[in-house]
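Asker: Using only what follows, build the 3D model:
(2 chains)
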Protein chains: 2
Amino acid sequence: MNEVRLALVGFGNVAQGLTQILAESQEEFARQYGLEFLIVAIADPIRGTVLCRDGVPPAALLAAVKNDGVINGLAAQHPDWGIEHPGWDALEMIQNSPADVVVELSYTNLTTGEPATTYIAEALRRKRHVITTNKGPIALHYQTLADLAQIHGVQLGVEGTVMSGTPCLHIGRELLAPARIQKIAGILNGTTNFILTQMETGRSYAEALAEAQAMGYAEADPTGDVEGFDAAAKVAILSQLILGIPLEMKDIERQGITAITPEEIAAARANHSRWKLIGSLEPSDGGVRASVKPVCVPDDHPLAQVGGVTNAICFSTERLGDVTVIGPGAGRMPTGYAIIQDLLAIYGQGIGIKDID
Amino acid sequence: MNEVRLALVGFGNVAQGLTQILAESQEEFARQYGLEFLIVAIADPIRGTVLCRDGVPPAALLAAVKNDGVINGLAAQHPDWGIEHPGWDALEMIQNSPADVVVELSYTNLTTGEPATTYIAEALRRKRHVITTNKGPIALHYQTLADLAQIHGVQLGVEGTVMSGTPCLHIGRELLAPARIQKIAGILNGTTNFILTQMETGRSYAEALAEAQAMGYAEADPTGDVEGFDAAAKVAILSQLILGIPLEMKDIERQGITAITPEEIAAARANHSRWKLIGSLEPSDGGVRASVKPVCVPDDHPLAQVGGVTNAICFSTERLGDVTVIGPGAGRMPTGYAIIQDLLAIYGQGIGIKDID
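Answerer: Numbering: from 1, shown residues only, chains lettered A, B, ... in the order given. From the prediction side, this is the model:
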């Protein structure tokens, strides 16, 4: 049995989704993959900190958050478990915890990638594998971080940065790359797709946005979603990871959905089409043309029928033609599951490109 | 550089697709994966036989078939290449060729799985990895063959048996299995989907079938496709490989598309639905209920918009909800590409579940 010790930067929704999967499937992972995942450290500025060399039982962590809102009471509740509450911040935890893998789940910043980039770099320098679902550091600094991982002989898992646990990066990088991917187009942001789908029922943009906010899909300041920044970050990640072409955010033509009118939506429907916010990468003069913009997609295109918060990506390949993957793009369990995929890949189970040197 | 010597049982369309990919990408596979694939032996009852310990250049094989219809003239055309034409049958080749991998591409028999099952078993017993795109042996005898592979310490690649090179088996087995797949439903036969799509334009079943035959999608005797036998074999493969539940063909409820009328097609369209031949696996009383039958699918379901010969599969999972994969289900290059995926998985590149013992 291979023990894998995890340190979690952040214990919000995604970390709790991961913890729930570990609680439910510990015996299954042991039996099928010979792996035992232990949560040995957590640093969350609101919910508290833990250190426990033998691992905190995942169910106890979930119960603590549910009942107390924090995980700081676990040592008192379970005095025999060897739990400490070191009160550390994320960087102190990365520097002092006995983890094999640091799971970086702090907040997303698409301008600087911080503080996540610093956390990830520090963990890699200390020869910890890193898994993140955080778009900021990967969209802005992937190559630097990947180089750092290679120098220190560890791996960097990023499946959850695009389409959450829908395995689009593993499919693109490992399964479809030798088919020669020529073009990528996708619905990469669930919030805007929900708004556009709602507008097809006759609602105005403002009404549909309000509904998305009421459902918890859109934030109070929806700019990151509706102006296409979130989708553009994912386009940058796809370009770098699947096509091997680095892009800066400013290289991506970006237009949001705020100007789309109910009349345009209705005209598209009358014409057997639908407006979708499409992130795309197309070859152009030896480079790549990258964009995020509303596109009127004909009904018989696989992306046209993808409604609500669902995401989708279409890989156009030389050898297979088009292969489309449709699945969730967000959510506690799907994003937690993305981390499971990366863990299994790092530990040689399931998928992952192997080094050949 | 790791040399991988291939012996091909059959040199028809799929083998030629594989050979074309090897001709185009030899340098790429060497650089990216450190693998050099050599075609060292072929046995085809019509096109002839070759044996060449250093590998026959793939482009020369393609040129021979194109120009001469056979590969038996290569030794005379290239006397310095060390090519022999042993005149062996498939079994003699398997027993006498110096291959690391036997690629089994003989014809499909869904009643007995022969002669392919015998070929595959013989190759496994001789400690050759085997890759096949042949549904017969895998639908009927997978467990026996997989056990044989394990006993002899070799691997059995079967990606091409369902949806050709669209990587649905790798996605289901490796990427989605830990998400807990609960239900599978797919459009698994391109010929019937083409016929049903054509009927939406007002054609009768007979007219649409004739068109499928004219396009080369349907055979002169279309029974295997239109009565659902082909899709049922794929359902058996999905059940065994992805759910781990063995099924016999007789366990699968099977109904073809021959009785569907233009009136039913039109009524579905008027009701915002489409008739699709759906292969499905659903849990039922501790077991699984397996069927292939026409289903009227609402337009907003991801399978509804899959038209023509395209295939699609929808995995319903506990942790990710529905993940749908749409792609080609047949064809020379797509099916050849399926073999490439299996080769890369066997040689530790890309994907593939590793043994944990």
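
Asker: contacts, neighbours, all on C-alpha from now
Answerer: Fine.

Asker: and chain A, which residues reach chain B?
Answerer: Residues of chain A lying close to chain B by Cα under 8 Å from any Cα of the partner chain are A:32-34, A:165-167, A:171, A:174-175, A:179, A:299-302, A:305-307, A:319-328, A:333-334, A:337, A:341, A:348-354, A:356.

Asker: State the separation between the helix or strand hosting A:A41 and the centre of the chain it belongs to.
Answerer: If you go by DSSP states H and E, A:A41 is part of strand A:35-44. Relative to its parent chain, strand A:35-44 has a centroid offset of 19 Å by Cα atoms, centre = their mean, to the nearest Å.

Asker: cool, and stretch A:69-85?
Answerer: 30 Å.

Asker: One more: stretch A:254-266?
Answerer: 27 Å.

Asker: and the end-to-end length of that stretch?
Answerer: By Cα to Cα, to the nearest Å, the extent of stretch A:254-266 from end to end equals 23 Å.

Asker: same thing with stretch A:295-306?
Answerer: 14 Å.

Asker: State the paired neighbours of the strand holding A:A41 in the sheet, together with their directions.
Answerer: Partner strands and pairing direction for strand A:35-44 (DSSP bridges) are strand A:2-9 (parallel), strand A:48-51 (antiparallel).

Asker: Now tell me what touches that strand from outside.
Answerer: In this structure, residues lying in contact with strand A:35-44 by Cα atoms under 8 Å, 6 or more residues apart in numbering or on different chains are A:1-11, A:22, A:26, A:29-30, A:48-58, A:87-90, A:93, A:97-99.

Asker: Please confirm that A:I21 is located within a helix.
Answerer: Yes - read with DSSP: H, G, I helix; E, B strand; the rest coil, A:I21 is one of the residues of a helix.

Asker: residues near it, how many?
Answerer: Using other Cα atoms under 10 Å in any protein chain shown, A:I21 is surrounded by 20 other residues.

Asker: Return the residues in contact with it.
Answerer: A:333, A:336-337.

Asker: buried subset of the contacts of strand A:35-44?
Answerer: For the contacts of strand A:35-44, burial is judged from neighbour counts taken by 16 or more other Cα atoms under 10 Å in any protein chain shown, and it is met by A:4-11, A:22, A:29, A:48-53, A:55-58, A:87-90, A:93, A:97-99.

Asker: How many residues are close by A:G244?
Answerer: As a burial measure, the neighbour count of A:G244 was computed by other Cα under 10 Å and equals 12.

Asker: Tell me the confidence at it?
Answerer: You'll see A:G244 listed with a pLDDT of 93.

Asker: Ok, A:D355 next?
Answerer: Reading off the per-residue confidence, A:D355 sits at a pLDDT of 38.

Asker: show me where the stretch 251-357 of chain A has helices.
Answerer: Counting by DSSP state H, counting those that start in this stretch, the segments of the stretch 251-357 of chain A that form helices are A:262-270, A:332-346.

Asker: Which residues does the longest one contact?
Answerer: Translated: helix A:332-346. When contacts are defined by Cα under 8 Å, 6+ apart, helix A:332-346 is touched by residues A:13-19, A:21, A:131-133, A:155, A:157-160, A:164-167, A:328, A:350-352, B:175, B:179, B:319-320.

Asker: and what of the first one?
Answerer: Where contact means Cα under 8 Å, 6+ apart, the residues beyond helix A:262-270 that reach it are A:199-200, A:202-205, A:274-275, A:296.

Asker: Mind doing that once more with 10 Å?
Answerer: For helix A:262-270, contacts defined as Cα atoms under 10 Å, 6 or more residues apart in numbering or on different chains pick out A:196-197, A:199-205, A:261, A:271-276, A:296-299.

Asker: quick revisit: drop anything exposed from the residues of chain A next to chain B.
Answerer: Among the residues of chain A next to chain B, those scoring as buried are A:33-34, A:165-167, A:171, A:174-175, A:179, A:299, A:302, A:305-307, A:319-328, A:333-334, A:337, A:341, A:348-353 (criterion: 16+ other Cα under 10 Å).

Asker: where are the low-confidence patches of the stretch 51-200 of chain A?
Answerer: Under the criterion pLDDT under 70, no range of the stretch 51-200 of chain A is flagged.

Asker: show me where it has helices.
Answerer: Using DSSP H, counting those that start in this stretch, the helices of the stretch 51-200 of chain A run over A:58-68, A:74-77, A:90-96, A:116-125, A:135-151, A:168-170, A:190-199.

Asker: Next, format these as a markdown table and append distance to B:D44.
Answerer: As requested, the helices of the stretch 51-200 of chain A are exported to a markdown table (distance: least, Cα to Cα, whole Å):
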| stretch | distance to B:D44 |
| --- | --- |
| helix A:58-68 | 58 |
| helix A:74-77 | 69 |
| helix A:90-96 | 60 |
| helix A:116-125 | 53 |
| helix A:135-151 | 46 |
| helix A:168-170 | 36 |
| helix A:190-199 | 51 |
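
Asker: what's the closest of those to B:V65?
Answerer: helix A:168-170 (36.5 Å; Cα to Cα).

Asker: what's the closest one in contact with?
Answerer: Here helix A:168-170 has contacts from A:158-163, A:174-177, A:237-238, A:241-242, A:312-315, A:324-327, A:341-342, A:345, A:351-353, B:171, B:175, B:350-351, using Cα under 10 Å, 6+ apart.

Asker: quick one: that helix to chain centroid distance?
Answerer: Chain-centre distance of helix A:168-170: 11 Å, with Cα atoms, centre = their mean.

Asker: domains of chain A?
Answerer: For chain A, whose domains are defined here by automatic domain parsing, the residue ranges read A:2-166+A:332-346, A:168-327.

Asker: Please compute how far the longest one lies from its chain's middle.
Answerer: Yep, that's domain A:2-166+A:332-346 we're talking about. If you compare the mean C-alpha spot of domain A:2-166+A:332-346 with that of the full chain, they lie 13 Å apart, counting by Cα atoms, centre = their mean.

Asker: need the contact list for A:R319.
Answerer: Taking Cα under 10 Å, 6+ apart, we find A:R319 in contact with A:176, A:178-181, B:17, B:21, B:165, B:331-337.

Asker: 7 Å - rerun?
Answerer: Counting by Cα atoms under 7 Å, 6 or more residues apart in numbering or on different chains, A:R319 touches A:179-180, B:333-334.
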